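Chemist: Mind looking at a prediction? Sequence and model below.
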Amino acid sequence: MSADGINLLKSKTFDKSKWMQLPRDVVIGHDVIEQLPAICEDLSLGTSALIITGKQTRDVAGDRARRYLADEYDVTVVSTETISLDTITAIEEAARDTDFLIGVGGGRVIDTAKIASFNIDRQFISVPTAASHDGIASSRASVPTVDGNISMSAHPPIAVVADTGIIAQAPHRLLAAGCADVISNYTAILDWELSHRLTGEPLSEYALTLSRMTAEILVKDAGLIRPQSEEGAWIATKALVSSGVAMSIAGSSRPASGGEHKFSHALDRLAPGKGLHGEKCGIGAIITMYLHGGDWREMRRSLKKIGAPTTPAEIGVGDETAVEALLAARQIRPERFTILDTGLTRTSATKLVKMLYQE
Ligand SMILES: NC(=O)C1=CN([C@@H]2O[C@H](COP(=O)(O)OP(=O)(O)OC[C@H]3O[C@@H](n4cnc5c(N)ncnc54)[C@H](OP(=O)(O)O)[C@@H]3O)[C@@H](O)[C@H]2O)C=CC1
Ligand SMILES: O=C(CO)COP(=O)(O)O
Ligand SMILES: [Zn+2]
């Protein structure tokens, strides 16, 4: 891990990463964003809030959140376009005089709010505008470093306010990416079990079972994940919260992040801006499922059914880059043993990419 990564989350006098921290209120449903003032009051969070939102999500929900809170709270809104050390530091500065933070947006915005609030010891509320990733309710944060994104312990939101009316209106691609993030739990678990057997890495049966069950339910309901369907948004959001809880139980992202996530993180570096997080995880999971001897065709069918991409080409990534990402994946968080550590070579990676992504 780079020095940047280590320093990004400010040191604490005690190690909260050893605690099992969970959100207190999880509110999912139509127009629940209107309940923000009541939720803040219920949690006794104080009188001033900083809303962190994105360029597009400000129009979608950020300004709406401000309007609902403005009568009772002193509210400031800031928009961020990237997640970086500089933006996080700027948010921390902007938030010093406020009592709590609210992240209104996609995964980048929510992680920014999560890290900044953790560093300055404030609570934060997660208001996802898309069901695109399972960091909505998790205590994990994915943070940028000079070596690419690194996953770290932070803290979970004190509340999750997921308005299915807003989430259903987001581009379907975002919903499909979130579902792919959850479907990739299947291979993350296989990697964890393999590591347990080979290296003796401790396993949490509760976290593992919850993670697997979450993926199973989502695959069973895949037919309901349709564009602009509020039912689909509701199913996906519950799955993402549940996956985040599995991570909190494990005290790490292990139940939801294995070799397929390493592949995704390698692509973050090798092909910046190509594909969404969950899309890259789903594409990687097809290969790792094959390597585990599992039903990779079934995994591909599930991904296709929800409308997620199943080949690097669909996200604008060439086969050569996919091969490089498979090989580079092993260097990402090397202490996390996965199927990619069991003898993959350039020749076999090239063969796999050709065979599994072109059939
Ligand atoms: N902490 C954790 O455990 C996890 C963290 N992550 C992290 O989350 C990030 C990925 O999240 P993801 O959501 O895929 O990517 P982004 O947050 O980058 O969002 C993708 C795009 O979707 C837009 N958007 C979001 N909601 C809507 C909406 N309702 N209508 C229109 N546009 C919308 C965003 O707009 P805008 O420009 O306004 O932002 C942005 O341009 C990565 O940084 C990843 O590392 C992923 C998984 C788990
Ligand atoms: O994306 C995640 C789980 O879906 C978090 O995983 P990482 O720890 O690999 O960032
Ligand atoms: Zn993920």
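Modeler: Ah, there it is. Ligands and ions are numbered 1, 2, ... in the order given.
Chemist: ok, residues contacting the strand or helix carrying I28?
Modeler: Using DSSP states H and E, I28 sits within strand 25-29. By Cβ atoms under 8 Å, 6 or more residues apart in numbering, the residues outside strand 25-29 that reach it are 35, 39, 42-43, 137, 158-164, 234, 237-238, 241. (C-beta placed from N, C-alpha, C; glycine too.)
Chemist: before we move on, what about stretch 336-354?
Modeler: Contacts for stretch 336-354 (Cβ under 8 Å, 6+ apart): 187, 190-191, 194-195, 198-199, 201, 254, 257-259, 262-263, 287-288, 290-292, 312, 319, 322-323, 326-327, 329-330.
Chemist: Is that stretch positioned near ligand 2?
Modeler: No - taking Cβ under 6 Å from any ligand atom as the criterion, stretch 336-354 and ligand 2 are apart, separated by no less than 8.3 Å.
Chemist: residues of that stretch that come out buried?
Modeler: For stretch 336-354, a neighbour-count test (16 or more other Cβ atoms under 10 Å) marks 336-341, 344, 349-350, 352-353 as buried.
Chemist: which intervals of the stretch 251-359 of the chain have sub-threshold pLDDT?
Modeler: Where the stretch 251-359 of the chain drops to pLDDT under 70, the residues are 359.
Chemist: Likewise for the stretch 1-150 of the chain?
Modeler: By pLDDT under 70, the low-scoring segments of the stretch 1-150 of the chain are 1-17.
Chemist: Now with 80, please.
Modeler: Applying pLDDT under 80 to the stretch 1-150 of the chain flags residues 1-19, 143-150.
Chemist: Show me which residues of it are close to ligand 2?
Modeler: Contact residues (Cβ under 6 Å from any ligand atom) of the stretch 1-150 of the chain with ligand 2: 134, 140, 142.
Chemist: Now do the contacts for the second one.
Modeler: With Cβ under 8 Å, 6+ apart as the criterion, the residues that contact R140 are 151-154, 244, 247, 252-253.
Chemist: same deal with the first one?
Modeler: With Cβ under 8 Å, 6+ apart as the criterion, the residues that contact D134 are 178, 181-182, 239-240, 243-244, 247, 256.
Chemist: so where do the helices sit in the stretch 101-250 of the chain?
Modeler: Here the stretch 101-250 of the chain has its helices, by DSSP state H, counting those that start in this stretch, at 107-119, 164-169, 172-183, 185-199, 205-220, 230-250.
Chemist: Same list (the residues of the stretch 1-150 of the chain next to ligand 2) but as TSV, adding distance to ligand 1.
Modeler: Converted to TSV, these look like this (distance: Cβ to the nearest ligand atom, whole Å):
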residue	distance to ligand 1
D134	5
R140	4
S142	3
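Chemist: Show me the domain layout of this protein.
Modeler: Domain segmentation of the chain under automatic domain parsing yields 3-169, 173-356.
Chemist: Pull the distance from the longest one to the chain's centre.
Modeler: On the basis of Cα atoms, centre = their mean, to the nearest Å, domain 173-356 is displaced by 11 Å from the centre of the chain it belongs to.
Chemist: Output the contacting helices and strands for the helix or strand hosting M289.
Modeler: Using DSSP H and E, M289 sits within helix 277-291. Counting contacts by 3 or more Cβ pairs under 8 Å, 6 or more residues apart in numbering; DSSP states H and E, helix 277-291 packs against helix 172-183, helix 185-199, helix 259-270, helix 296-306, helix 319-329, helix 346-356.
Chemist: For ligand 2, give me its nearest residue in this structure.
Modeler: S151 (2.6 Å; Cβ to the nearest ligand atom).
Chemist: That residue contacts A141, doesn't it?
Modeler: Yes - the pair S151 and A141 passes the contact test of Cβ atoms under 8 Å, sitting 7.3 Å apart.
Chemist: Quick check on these two: which one has the bigger neighbour count.
Modeler: Taking neighbours as other Cβ atoms under 10 Å, S151 and A141 compare with A141 leading, 27 against 23.
Chemist: mind listing what the more buried one touches?
Modeler: By Cβ under 8 Å, 6+ apart, the residues touching A141 are 9, 111, 114-115, 118, 135, 151-154.
Chemist: Sort out which residues of stretch 119-127 are buried, please.
Modeler: Neighbour counts using 16+ other Cβ under 10 Å place 119, 122-127 of stretch 119-127 among the buried residues.
Chemist: so how far is the first residue of it from its last?
Modeler: With Cα to Cα, to the nearest Å applied, stretch 119-127 spans 19 Å between its terminal residues.
Chemist: now do stretch 35-52
Modeler: The straight-line separation of the ends of stretch 35-52 (Cα to Cα) is 18 Å.
Chemist: Show me what counts as buried in it.
Modeler: For stretch 35-52, by 16+ other Cβ under 10 Å, it's 35-36, 39-40, 45, 49-52.
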